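**Q** Next input, structure requested:
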Amino acid sequence: MNDTKKPEILNELEKLIKINPSDIKIRASYAEALLYEGFLDESLEQHLQLFRIFPKNEEVCYNIGIIYEKQKKIDEALNYYEKAVNFCPDDPDFRYSLAFMLDKKGEIDRAIEEYKKTITLDNEDSNAHFNLGCLYVKKKQSELTKKHFETAVKLNPDDVYARFNLAFEYKKEGKIHDALQQYHEIIKLSPDYSWAYYNIGCILFEQGNIDKAESFFKKTTELNPKDVEAFKVLSDIAITKNNHESAINYLETALIQNPENGNIHYYIAKIYKKINETEDALFHLNKALQNKETLSMAEEIVVRELEELVTSLRTK
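**A** This is a model prediction of the structure:
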């Protein structure tokens, strides 16, 4: 061990261990300090030694679970979190960690049950409510989804992710005012949250408030220049105003950040085709096909349009 690479607390504990090698409390403190300071491999070694001495110690099991989780070893983390819960079933942190690992592993039903037990032990755990909401989305249980996102927001009003998901649920239910209210709260909390601006823009667009929607889509692209869909909507708006030059400019701006996006090339080609700029349309259709793995439409559609344009050129 190189003392110069470690915080002073670890150096001091190592000195104490040399003086009192059989002192379990010092070894436990050292193991936890290693974990806290991010020395995962060494902490795991120390904790496993403690586990061999105290195989039913819930804190040791829990810490081993934390280490495996940080190392992205889901099965191992799950194993030790289950041990911790078995030894101390009323600890909400143990329950939450077990639920979280089950969630990560895709065992949705078991994860839901453990999150519910977590909430029974600690009803103010906003993360448990949020994660339950996300799982109920997967189960397509809208009322339970909304209930837990609403609780998560109530418990933690600064949670923009809970608010965003709640807004999405409100929008699905047709509660547009409530959805907009959540999105605007998100912007207050996190002014750089581009998806909130985009979703507000979509609602305004659907309501026919095109000019105001346009301003929100522009803000979206300022914050996230890689947001192809926002540029596409701005392009569509420009087309409705018969401003094809602006429509193309929006999409070409999107290409700067997404040069290999076949969809953008396809959209540009469609505009050039509409204004009878056939050569430019052909160029972008070919570019779309060169990046066919990024196309959202069937490759055959692009090929067919390309062939039609080539044929039209030959007949001129």
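**Q** quick one, what contacts residue 205?
**A** By C-beta atoms under 8 Å, 6 or more residues apart in numbering, the contact set of residue 205 is 213, 233, 237. Every residue, glycine included, has its C-beta placed from N, CA and C.
**Q** Just name the closest of those residues to residue 46, please.
**A** Distance ranking of the contacts of residue 205 against residue 46, using C-beta to C-beta, places residue 233 first at 55.4 Å.
**Q** name the element the residue nearest to the closest one when sequence neighbours are not counted belongs to?
**A** Ranked by C-beta to C-beta, 6 or more residues apart in numbering and with sequence neighbours excluded, the top spatial neighbour of residue 233 is residue 217, at 5.3 Å. Here residue 217, judged by DSSP states H and E, is contained in helix 210-223.
**Q** remind me which residues of the chain are low pLDDT?
**A** Using pLDDT under 70 as the threshold, the predicted model of the chain has low-confidence ranges 1-5, 316.
**Q** What's the ChimeraX syntax to select whichever of the contacts of residue 205 are buried?
**A** Written as a ChimeraX command, the selection of buried residues from those, which uses 16 or more other C-beta atoms under 10 Å, is:
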select :213,233,237
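**Q** I'd like to know which of the contacts of residue 205 is nearest to residue 107.
**A** After measuring the contacts of residue 205 against residue 107 - C-beta to C-beta - the closest member comes out as residue 233, at 38.5 Å.
**Q** Pretty sure residue 65 sits against residue 84.
**A** Yes: counting by C-beta atoms under 8 Å, residue 65 sits close enough to residue 84 to count as a contact (6.3 Å).
**Q** So which of the contacts of residue 205 is the closest to residue 9?
**A** Scanning the contacts of residue 205 for proximity to residue 9, where the rule is C-beta to C-beta, the winner is residue 233, at 54.1 Å.
**Q** Sort out which residues of stretch 294-310 are buried, please.
**A** Using 16+ other C-beta under 10 Å as the burial criterion, the residues of stretch 294-310 that qualify are 294-295, 302, 305-306, 309.
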